[in-house]
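A.B. asks: have a look at this prediction, sequence included:
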Amino acid sequence: MAAAPEPIHDIAHLGSVELLTPKPEQSLWYFRDLLGMEPVHESGASVYLRGYGDYATSTLKLTGAKTNGVGCISWRAASPQALERRAKAIEDAGLGIGWSNGDYGRGRSYRFRDPDGHVMEIYYEEQKFVAPPELHSTLKNLPQKYTGRGVCVRRVDHLALLAKDVEANRKFATGLLGFQLREQVRYDDGKTEIGSWMSPTAIHHQLAYVVDVKAAHGRLHHFSLWVDNRDDVLRAADILIENGIFIEAGPSKHNNSQGFYLYSYEPGGNRVEIYSGSFLVTAPDWEPVTWDEKERGTGTYWGATLPDSFIEYATPDVQTDTKGPLPEVLKEAIASLS
Ligand code: FE
């Protein structure tokens, strides 16, 4: 038996996600008052927020912009040496943008683009979060007290990006960043890749790539925040509806990842998932689970079928070049997002 390549453990986890919003005040209201995230810093057009269980100072950067979508996606490296190694490998692959002095609370970072054009960065140095007195928890191992405000999400979980060429981006994430491939959806020919779910941690997936049915580049499908149980997801549905927020899908259960989900649009138009119940993966020799079109079905294990908007809408929104309805197979593929 041929030896498997030595795994790369240079990326520790998803650090933070920058969301762009044309309605910064309303988006801040959504994440602060409805989801219960805590604003910790402001700079220029950006507000930095955190979940009460996040160890990092900030995990969401909300930036006022002309359009919506995803800004910079930040990954924390496992060590200073790991940061240098990954930066070199990415630079050698021709995807590098360059070094910067680092964002709020962090040391220098190396910016780059994935093959689809999404902007990412890796960093290592991070300021330890120290809760101000009003947020101090009596629980010694909790970085900030549980405020119970709104949904009160615990932490960031993952994000799902659209890509014109899923395979190229999956190879980038597994080969260059060292992520483990967890699940995939392929056409019945077994070759064409529709979606791939990957992670650098035991969390089922922290990054997903799914085919962009409008053949655009650099788009966001959704950003996902974790709550501890299904009841919290149901409670989130009540809170969002009471505040006039559109719920697009759920609460229901995915088959891929087994996650229990709820999708809404924050006021800036970005799709946000409230998520719980998925499983952890600790096996170093995990064999990726591959689903074909038929097995995937509607993308839900149980619960209502995902609406067409789930397939056709992403941020920033673009007009489709496709004439007529989308092929059924692509609808099924996108419906498999989790
Ligand atoms: Fe998701």
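C.D. replies: In hand now; what should we look at? Numbers count the residues shown, from 1 in each chain.

A.B. asks: from now on I want contacts and neighbour counts done on CA atoms only, so please keep to that.
C.D. replies: OK.

A.B. asks: quick one, helices of this protein?
C.D. replies: Using DSSP state H, the helices of the chain run over 24-29, 80-92, 166-175, 230-242, 293-296, 308-312, 328-334.

A.B. asks: out of these, nearest to Gly218?
C.D. replies: helix 166-175 (11.3 Å; CA to CA).

A.B. asks: mean neighbour count added to the helices of the chain, as CSV?
C.D. replies: Formatted as CSV, the helices of the chain follow (neighbours: other CA atoms under 10 Å):
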stretch, mean neighbour count
helix 24-29, 18
helix 80-92, 17
helix 166-175, 19
helix 230-242, 17
helix 293-296, 16
helix 308-312, 17
helix 328-334, 19
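
A.B. asks: where does the stretch 201-338 of the chain have low pLDDT?
C.D. replies: 296-299, 320-338 (pLDDT under 70).

A.B. asks: try it again with 50
C.D. replies: 322-325 (pLDDT under 50).

A.B. asks: count of residues packed around Arg186?
C.D. replies: 18 (other CA atoms under 10 Å).

A.B. asks: whoops, I mixed them up, His9
C.D. replies: For His9, the neighbour count with other CA under 10 Å is 16.

A.B. asks: between the helices of the chain, which one is closest to Leu139.
C.D. replies: Leu139 lies closest, by CA to CA, to one member of these: helix 230-242, at 20.8 Å.

A.B. asks: what residues does the closest one touch?
C.D. replies: For helix 230-242, contacts defined as CA atoms under 8 Å, 6 or more residues apart in numbering pick out 34-35, 150-151, 227, 246-247, 251, 260-262, 274-277.

A.B. asks: among the residues you listed, name the buried ones.
C.D. replies: The neighbour-count test (16 or more other CA atoms under 10 Å) marks 34-35, 150-151, 227, 247, 251, 260-262, 274-277 as buried among the contacts of helix 230-242.

A.B. asks: out of the helices of the chain, which comes closest to Ile122?
C.D. replies: Nearest to Ile122, of all these, is helix 80-92, at 6.7 Å by CA to CA.

A.B. asks: hang on, the earlier thing: and of the helices of the chain, who's closest to Gln206?
C.D. replies: helix 166-175 (11.0 Å).

A.B. asks: next one: that closest one to chain centre, how far?
C.D. replies: Remark: helix 166-175 is offset 16 Å from the chain centroid, using CA atoms, centre = their mean, to the nearest Å.

A.B. asks: contacts for that helix?
C.D. replies: 114-116, 163, 179-181, 193-196, 198, 209-211.

A.B. asks: before we move on, the earlier item: as TSV, the buried ones among the contacts of helix 230-242 with distance to Tyr187 would be great.
C.D. replies: Formatted as TSV, those follow (distance: CA to CA, whole Å):
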residue	distance to Tyr187
Leu34	39
Leu35	37
Gly150	41
Val151	37
Val227	33
Ile247	29
Pro251	27
Phe260	25
Tyr261	25
Leu262	26
Ile274	28
Tyr275	27
Ser276	28
Gly277	27
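
A.B. asks: direction included, what does whichever strand in the chain runs longest pair up with?
C.D. replies: What stands out as the longest strand in the chain, according to DSSP state E, is strand 11-21. According to DSSP bridges, strand 11-21 has the following sheet partners: strand 60-64 (parallel), strand 69-77 (antiparallel).

A.B. asks: cheers, nothing more for now.
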